[in-house]
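Student: Fold the following for me, if possible:
(chains A and B)
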Amino acid sequence: MNRTSYITIHTARLIENSTHPIENITLLFWNGKRNLYIYFQDAEKQTKHTQESINKLIETVKHDFTATLYAQTQNAFVKIEASREQINVYPLEPYCMKQGIDALKPQLDLEVYIKIALGLCENIAIYSLQTKQ
Amino acid sequence: MSIFYSVDVTVNAPHNEIIITKILQRGVDLGFIYYGWDKTPSPIMLTSQEAKTFLLTILKGDENDLSDAYLTVVFKDTDFLMRIDPIENYTRISIFSFGQPWQRQIDRDSYTIDFARYIRLVLELCKDFPILELTTARDL
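Tutor: Below you'll find the predicted structure:
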């Protein structure tokens, strides 16, 4: 079996959310903040996202493009891609590893990354979640 | 019309008695109540040991027909079927056929299954093992 490298979630529409005055794409960023994710604009963690730059990402998704950002969570660093109805979460170094039974060396621990992805969707309906290569 | 939902997770652990016992025991620790059918008209409540024996008996019985190799699980206010299957050198745990699925609102009038809650439950069930793959599915 091949090593899986990212998580993809098909969600309810991230924009034009009719049940809530706040659109899902905004909730997505709030969810991350509430879970203490620190958003960065680059993989080198040089520039943190501000509310203004987050608003630009929201506008990006509203215009049918994919918004890309990076997040440092309590135990992992990930790249996040958000588009109109999909969120992808890519594990980045340093990876979270776990020792498998009968395995010679530790393997990528997808549990951590799946929970990070779910943490972004706390109050957004999920249609499917898949781990992919 | 009903929708068939499932959550399948593959863990890096060989499919054997020890691993099955560990998963079933973890389920008991979480509050799972297992039921088996065993040719009876109504399900019988099983301990984790009986659940393991139930699964292994079916798995060892006829390798060509594993369609009956599942347990009924009641957990809090939901219930579902659970299978523990070998896949290559690993173990796959599937939960499916949710009787009373946890739900999440999509918009004013419609709801969908709360996959996030079931995924978290499965991750908790498999927390002793590295997760290799996780997929959800829905079929009309």
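
Student: Show the contacting residues for the residue in chain B that chain A sits nearest to.
Tutor: When distances are taken as Cβ to the nearest Cβ, chain B reaches nearest to chain A at B:Asn12, 3.5 Å away. The C-beta positions use only the backbone N, C-alpha and C, and glycine is treated the same way. Residues near B:Asn12 by Cβ atoms under 8 Å, 6 or more residues apart in numbering or on different chains: A:100-101, A:103, A:107, B:90, B:129-132.

Student: so what's it closest to, chain neighbours aside?
Tutor: Counting by Cβ to Cβ, 6 or more residues apart in numbering or on different chains, B:Asn12 lies nearest to A:Gly100, which is 3.5 Å off, once chain neighbours are set aside.

Student: Within the helices and strands, which one has the residue most central in space within chain B?
Tutor: In chain B, the C-alpha nearest the mean C-alpha coordinate belongs to B:Met82, at 2.4 Å (Cα atoms, centre = their mean). Using DSSP states H and E, the secondary-structure element containing B:Met82 is strand B:78-87.

Student: How about B:Thr53?
Tutor: helix B:48-61.

Student: relative orientation of that helix and strand B:78-87 in degrees?
Tutor: Between the axis of helix B:48-61 and that of strand B:78-87 there is an angle of 50 degrees, by axes from the mean of the first three to the mean of the last three Cα atoms, to 10 degrees.

Student: right, and the helix or strand after helix B:48-61?
Tutor: Using DSSP H and E, the helix or strand that directly follows helix B:48-61 along the chain is strand B:71-75.

Student: ok, residues contacting that following strand?
Tutor: Applying Cβ under 8 Å, 6+ apart, the contact partners of strand B:71-75 are B:27, B:30-37, B:43, B:46, B:51, B:54-55, B:79-83, B:95, B:121.

Student: Give the other helices and strands that the stretch of helix or strand A:Ile116 belongs to contacts.
Tutor: Secondary structure from DSSP H and E places A:Ile116 in helix A:110-120. Using 3 or more Cβ pairs under 8 Å, 6 or more residues apart in numbering or on different chains; DSSP states H and E as the contact criterion, the neighbours of helix A:110-120 among helices and strands are strand A:6-11, helix A:24-34, strand A:77-83, strand A:86-92, strand A:126-132, helix B:115-125, strand B:131-139.

Student: Check the model's average confidence along the fourth one for me.
Tutor: The pLDDT scores in strand A:86-92 average 96.

Student: So which residues on chain B come close to chain A?
Tutor: Counting by Cβ under 8 Å from any Cβ of the partner chain, the residues of chain B close to chain A are B:10, B:12-14, B:19, B:87-88, B:90, B:104-108, B:112, B:115-116, B:119-120, B:123, B:126-127, B:129-138.

Student: swap the cut-off to 6 Å and go again
Tutor: Taking Cβ under 6 Å from any Cβ of the partner chain as the measure of proximity, chain B contacts chain A at B:12-13, B:88, B:104, B:106-108, B:112, B:115-116, B:123, B:130-136.

Student: Buried only: go through the residues you listed for me.
Tutor: B:12-13, B:104, B:106, B:112, B:115-116, B:123, B:130-134, B:136 (16 or more other Cβ atoms under 10 Å in any protein chain shown).

Student: Among the residues you listed, which pair sits farthest apart?
Tutor: With distances taken as Cβ to Cβ, the most widely separated pair in these is B:Ala13 and B:Ile106, at 35.5 Å.
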